[in-house]
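Output the structure for:
(2 chains)
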2 protein chains.
Amino acid sequence: MKTDIEIAQETVLRPISDIAAALGLSEEDYEPFGWDKAKLSDELLQKLHDKPDGKIILVTSINPTPAGEGKSTVTVGLGQAMNQIGKKAITALREPSLGPVMGMKGGAAGGGYAQVLPMEDINTHFTGDIHAITSANNVLAALIDNHIHQGNALNLDPRRIEWKRVMDVNDRALRQIVIGLGGPKKGIPREDSFQITVASEIMAVLCLATSLQDLKQRLAKIVIGYTYDEQVVTVGDLKVEGALAMLLKDAIKPNLVQTIENTPAIIHGGPFANIAHGCNSIMATKTAAKLADYVITEAGFGADLGAEKFLDIKARIGEFEPDAVVIVATVRALKMHGGAALETLQTENIAALEKGMENLKKHMETIEQFGLPYVIAINKFPCDTKKETDFIASWCEANGAKTALCEVFAKGGAGGIDLAEKVIKQANSPTKQFQPVYDMNDDLETKMCKIAKQVYGADGIELSPKAKQQLAFYEKQGWGNLGICMAKTQYSLSDNPKLLGRPKGFTISIRELRPSIGAGFIVALTGDVMTMPGLPKKPAAMRMDVKDDGRIVGLF
Amino acid sequence: MKTDIEIAQETVLRPISDIAAALGLSEEDYEPFGWDKAKLSDELLQKLHDKPDGKIILVTSINPTPAGEGKSTVTVGLGQAMNQIGKKAITALREPSLGPVMGMKGGAAGGGYAQVLPMEDINTHFTGDIHAITSANNVLAALIDNHIHQGNALNLDPRRIEWKRVMDVNDRALRQIVIGLGGPKKGIPREDSFQITVASEIMAVLCLATSLQDLKQRLAKIVIGYTYDEQVVTVGDLKVEGALAMLLKDAIKPNLVQTIENTPAIIHGGPFANIAHGCNSIMATKTAAKLADYVITEAGFGADLGAEKFLDIKARIGEFEPDAVVIVATVRALKMHGGAALETLQTENIAALEKGMENLKKHMETIEQFGLPYVIAINKFPCDTKKETDFIASWCEANGAKTALCEVFAKGGAGGIDLAEKVIKQANSPTKQFQPVYDMNDDLETKMCKIAKQVYGADGIELSPKAKQQLAFYEKQGWGNLGICMAKTQYSLSDNPKLLGRPKGFTISIRELRPSIGAGFIVALTGDVMTMPGLPKKPAAMRMDVKDDGRIVGLF
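Predicted structure coming up:
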């Protein structure tokens, strides 16, 4: 079979102006970026305020494994399928980060015959949004250290700076550093660390803002650190929220592209779901809902991470409710959850599959707790046997769940018709009774505890001494009524990446908290999770190239 | 008078497609970026290969002072003026770096009625070229530290890494840092430092490459460090030049915009002239020369920095010769060179002006040494008296130089007609006999010495012990036949920023050398010059804002 990039490069793209026109947009509503990408006006949502909203379909999955689960592929393919059966549907995805693209993962724009295009651009710089966030984040960091250097009128304690520099690169050597060495011309020495850009609070703020004005207000609330007497210091105190908003004025505009079948896709915002809140922007999702009858959007990693945050954070701030959920599962990944090794996945193994179903079961229960109807998408890989996919289907049926075999990777939208029809039925069912996991009035510890117990299946949480201190301090600041963004490994329901399947009898260790007051949540770092990834032994970058005619190769 | 941004925002821009069409370009030759910016195809230069070249006019200046000299303004205004008198002329500038924009300088896209637009975009993220360079630079840095961490097959000595991370931010706290702290999961500890992006060798490579293929070849030659037994290790050894070129495939395409009078401008590449080679890209200049009869391009800071590098590095690699030079001078800056204080510049002061002329005189001599005809542009400020501007004009005439009063800031192209006519006359004079300062076969020390003596007026150079060692090592590597890129303060002809006017009896201290083998030169750091600037006490960022309708204020 052809590689993703080969399939992508064989596709004839329609001019983005045609895609925009088909959505009823005029030239006032967007700006072109090349002939095949566009930025939608940030005022479009306001302009379409009185239009009824389309249905919102959330795509999530079981816990991912190195075998791959193909959630983006299903999301893209489902959008294609809906258009094939005559529905007006838009796929709404996150923007890929260059970190994993150059590291392990290669591209992140779907795969096979279910891709968003131009995948080369989407997987690299795209329309520059992530770079703008890096830039705003690091301008703020420089302004903070400069403020201290130039007399420190705000009395900032260099040992208590919360704001971190970022890079959209997997760079483990920046996880723990010392800056400001070398004497008076080179700043004030202090410990520091870099995060990957997608973990920046500015990324979260951009994704959760409902307008440019809201963005600026959220930026002003960002906590940059504390004074020597432990008073909170914000971006507003530094008076630079205007400059930061200026740097983000284009990044806040959702990006319009197309799928391999020339159906519309909106790609905007890219927080990871393990170390951040894992959803594309509220403005993108809501704008898409105004422009289409169905919005298919994904949240990162498994339902324990992306979906929980989509439902507890994004939907609440955005004041909308998803109408149905798709849970993506694969034979290969379920077999790994059932104990099969990566090398053996080509072989039929019903025993491992049956055991692995417990991982899917937990995510089904989670979505049921949220009160949402769902469909299991069995995302087919070439080596899956009919016996295996049939097993999943009948197991699900026995457990009261609808399933659909999804072959969009190999067949495009045509491979997702059954899934599309079942999802449409669920989305229009009157049984929905949406219910977030926690109440905003719960205190922070209760919120973390509810997520750990109800979503992860843990016995409870265990706070480190540092986290306990922080918790007390945060409650005292009046931050108790904010949301919680758990930072946890994606590989396990627990905080130990090695516990696959459905672990039991574990607690979640809360190592450290970080305030994201502009975003409106407290980040809870669990286990060993780190907010700056590293590169693998053979980085994907080593196989990438650009030919003399500008054609890219080696980007999967 | 209105501010620059007010004037800019009152201008009605023509669609960039009209600007492109007026240059004879079809939709194959460019891609739009918004309605008012475009990227020209990197293959355009090859396609236009057989077209005759237009004349190239280099705009340079006296040593800048805090009083401002307005070189970009004159460059833009001269392009506007040439179009007003019926010449097909393109202004070709560098892209502003966000560092100084957020720091001291505010915008860098001309001023008054001689600006390139949209100035808000050009001064911030523009078409993302500088972000792409930051990204490629830092991906390389992460790949290097990851290579060491993952077993170090290339035997790289962590104490001898040449490659530095960059940010497009003025951030003094990153001038000297320690990375890789915190144990085995966080890399290998080593000393490091960040540079500003415009000082990245990748910026130089992008600006000096003549095609995408040439770019990739130059990237492969970049020296990243040395082994424990002092063997050179390059990007090619790491096998990632393809990935880096992929990240730069759009950044290499010159950007098309327009001036305030809707005349064409190409803005591409942005190395500073103090710490880097200070010229826009060869591809931009050469493409502009194919599309117009006159290309007006600037080189950064005074003729001792930007013009020297334009003539010794860029013109040589690009295989072209400029046809005439404009030296920008102002009454205010010349008075400062003559000893007047910044606060007194509003007052007529012929004595200081007369004394300050010696700074201009040196730059005139420098351009004469290069064998190029020139015109002095007296860039008028409102407080200049007629007696003062007349003084400069008659002094220049007595010294054999042509002058023109330039009022483009206040009057747009109409204020530069006299300058345009004189420049055209010089550019078409048959007296040109272009002669670089050094021969490529001179050894490195001789090259530095020639620049110091002939361009700065120094008695010679003094190498630090470290620089001496490096020089011997570089000559041994066969790098002796490369060019020299002096990193020197812009404020003085010497390496001491406080020595204004025309200092005599000084030597240039060469503190340290850095190899830029991909770019094709050795960087010589002189005096105290640093490759990462800092922010001032009141950063320009503090006055910037974006209104709810997306309009930017406070960006000058």
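
What's the local residue count around A:N441?
Using other Cβ atoms under 10 Å in any protein chain shown, A:N441 has 9 other residues around it. Where you see a C-beta, it was placed from the backbone N, CA and C, and this is true even at glycine.

Let's verify it: helix, strand, or coil?
Using DSSP: H, G, I helix; E, B strand; the rest coil, the secondary structure recorded for A:N441 is coil.

Could you report the neighbour count for the closest residue to it other than its chain neighbours?
Once flanking residues are discounted, A:N441 sits nearest to A:N481: 6.3 Å by Cβ to Cβ, 6 or more residues apart in numbering or on different chains. If you count neighbours by other Cβ under 10 Å, A:N481 ends up with 14.

Over to A:G527?
Residues near A:G527, counting by other Cβ under 10 Å, number 17.

try A:T347
Per other Cβ under 10 Å, the neighbour tally for A:T347 reads 11.

did I read that right, it in a helix?
No: under the criterion used here (three-state DSSP), A:T347 is coil, not part of a helix.

How about the contacts made by the closest residue to chain B within the stretch 351-500 of chain A?
Nearest to chain B, among the residues of the stretch 351-500 of chain A, is A:P497, at 13.4 Å (Cβ to the nearest Cβ). A:P497 sits next to A:489-491, A:527 when contact means Cβ atoms under 8 Å, 6 or more residues apart in numbering or on different chains.

which one of the residues you listed sits closest to B:Y294?
Closest approach to B:Y294 among those (Cβ to Cβ): A:Q490, at 58.4 Å.

Determine the three-state secondary structure at the closest one.
A:Q490 ends up coil, using three-state DSSP.

Check A:R159 too.
Going by three-state DSSP: A:R159 is strand.

Tell me how many other residues crowd it.
Residues contacting A:R159 under the criterion other Cβ under 10 Å number 10.

tell me the helices in the stretch 401-550 of chain A, going along the chain?
Secondary structure of the stretch 401-550 of chain A, counting by DSSP state H, counting those that start in this stretch: helices at A:408-411, A:417-427, A:444-450, A:465-476.

Find the closest residue to chain B in the stretch 201-350 of chain A.
Closest approach between the stretch 201-350 of chain A and chain B, counting by Cβ to the nearest Cβ: A:G242, at 3.1 Å.

Kindly tell me how buried that residue is, as a neighbour count.
Neighbours around A:G242, by other Cβ under 10 Å: 22.

For it, give its distance to B:W35.
Distance of A:G242 to B:W35, computed by Cβ to Cβ, to the nearest Å: 25 Å.

So the residue lying closest to A:G413 once chain neighbours are set aside versus chain B, what's the distance?
Nearest non-adjacent residue to A:G413, counting by Cβ to Cβ, 6+ apart: A:Q80, 3.1 Å away. Distance, A:Q80 to chain B, using Cβ to the nearest Cβ, to the nearest Å: 26 Å.

Now the stretch of helix or strand A:A265 belongs to: buried residues?
According to DSSP states H and E, A:A265 maps onto strand A:264-267. By neighbour count on 16 or more other Cβ atoms under 10 Å in any protein chain shown, the buried set for strand A:264-267 is A:264-267.

Then stretch A:493-500?
Buried positions in stretch A:493-500, judged by neighbour count with 16+ other Cβ under 10 Å: A:493-497, A:499-500.

and what of stretch A:65-84?
Neighbour-count burial for stretch A:65-84 flags A:65, A:67, A:69-84 (criterion: 16+ other Cβ under 10 Å).

shaky segments in chain A?
The model of chain A has pLDDT under 70 over residues A:105-107.

can you pull the contacts of the spatially most central residue of chain A?
Residue closest to the mean C-alpha point of chain A, counted by Cα atoms, centre = their mean, is A:G278 at 2.4 Å. A:G278 makes contact with A:94, A:271-272, A:299-301, A:305-306, A:309-310, according to Cβ under 8 Å, 6+ apart.
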